[in-house]
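Enquirer: Need a 3D model of the following:
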Amino acid sequence: MGAGVRFLLLSLLAFSSPAYAWGPQGHEIVARIAAYNLTPSAHLRISQLLGGDAPALMVLDSNWADEIRADRPETVGWHFVNIEIGAKGYDPRRDCANDNCVVAQIGRDMAVLRDRQASHSARLEALRFLIHFVGDLHQPLHAADRHDKGGNSVIVYQGRRRSNLHRVWDEDVVEAQGADPMADAAAIETGLSPQDKARVMTGTPADWANETFQVAAHEIYARLPGSGPVRLPRDYVSRERATVRQQLGRAGFRLPALLNAIYR
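Expert: Model prediction:
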């Protein structure tokens, strides 16, 4: 990307606040929280790798992994892990065959970033993927499945509006947070004490997959009928607001925990 185009995109980002879904909006919230919790060393190294100020460019690149999926079909399986509802939790042999899932890919991206022999382009790509995939790992329907493609085949109705369960959790529940990702990120961060933040920043990607799976199992699937179309309450997205803030906050603080450990 040329410097002029990059500057234009940054300008548009700074002076506009469109209403995005968990895709763009959710990932921007995660990246904003993460960027302002980097150590000075991590901030410097990430700024050098991205070619500019880390906070702005982390937000700008937070949806890159989605934007390239059509051209990089091999990356599709890296955005989720299908842990079947009814299972005890994440089993890499069952749920991540051939290491083709978000948990394994986060590990690969971290390894590339730690590798001093890796090329600049390889490390840049790994960072962009990592920023996005830590967010994906905390979307509940990216870590659970009930023979329904992570809720994609569950038809839901809200009033007269027809959608699917996955789309509700990708888009609608984040729209309910507000239209300004910067304000949303600040609200999530100020809502946590230093002790809460320190506790959230522990664990491994496999631990986080299990935690997210439990959210999906108990917060989403346990409240649905066994089969057939689902009629959601009209206030469903507002009811789930606290869960969404929790998951975005967890991702937002865990991403810098990984990056700070890499760039000590």
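Enquirer: residues near P24, how many?
Expert: If you count neighbours by other CB atoms under 10 Å, P24 ends up with 19. (C-beta placed from N, C-alpha, C; glycine too.)
Enquirer: ok, it to W64 distance?
Expert: As defined by CB to CB, to the nearest Å, P24 lies at a distance of 11 Å from W64.
Enquirer: Likewise for V173?
Expert: From V173 across to W64, the span is 23 Å (CB to CB).
Enquirer: who has more neighbours, those two?
Expert: Regarding V173 and W64, a neighbour count based on other CB under 10 Å identifies V173 as having more, with 24 against 15.
Enquirer: isn't that one right up against R241?
Expert: Yes. Assessed by CB atoms under 8 Å, V173 is found in contact with R241 at 7.4 Å.
Enquirer: ranges for the helices of the stretch 101-250 of the chain?
Expert: Using DSSP state H, counting those that start in this stretch, the helices found in the stretch 101-250 of the chain span residues 102-114, 120-137, 165-167, 173-175, 181-190, 194-200, 205-215, 236-239, 241-262.
Enquirer: tell me which residues of the last one are tucked away?
Expert: This points to helix 241-262. Neighbour counts over helix 241-262 (16 or more other CB atoms under 10 Å) mark 244-260, 262 as buried.
Enquirer: count of neighbours near the nearest residue to R239 once chain neighbours are set aside?
Expert: Nearest residue to R239 in three dimensions, chain neighbours excluded: P233, at 7.0 Å (CB to CB, 6 or more residues apart in numbering). Burial of P233 is recorded as 10 neighbouring residues (other CB under 10 Å).
Enquirer: and if you look at A187?
Expert: Taking other CB under 10 Å as the criterion, the count of residues near A187 is 15.
Enquirer: Contacts only, for it.
Expert: Taking CB atoms under 8 Å, 6 or more residues apart in numbering, we find A187 in contact with 178, 245.
Enquirer: Relative to G77, how far out is it?
Expert: In this structure, A187 and G77 are 33 Å apart, going by CB to CB.
Enquirer: quick revisit: could you verify my assumption that the residue nearest to R239 touches R223?
Expert: No. Here P233 lies out of contact with R223, judged by CB under 8 Å, at a distance of 9.9 Å.
Enquirer: ok so, going back, would you reformat the helices of the stretch 101-250 of the chain as a markdown table and include mean pLDDT and distance to R69?
Expert: Rendered in a markdown table, the data for the helices of the stretch 101-250 of the chain read as follows (pLDDT from 0 to 100; distance: least, CB to CB, whole Å):
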| stretch | mean pLDDT | distance to R69 |
| --- | --- | --- |
| helix 102-114 | 98 | 13 |
| helix 120-137 | 98 | 10 |
| helix 165-167 | 94 | 15 |
| helix 173-175 | 90 | 19 |
| helix 181-190 | 92 | 21 |
| helix 194-200 | 93 | 29 |
| helix 205-215 | 98 | 20 |
| helix 236-239 | 93 | 25 |
| helix 241-262 | 97 | 19 |
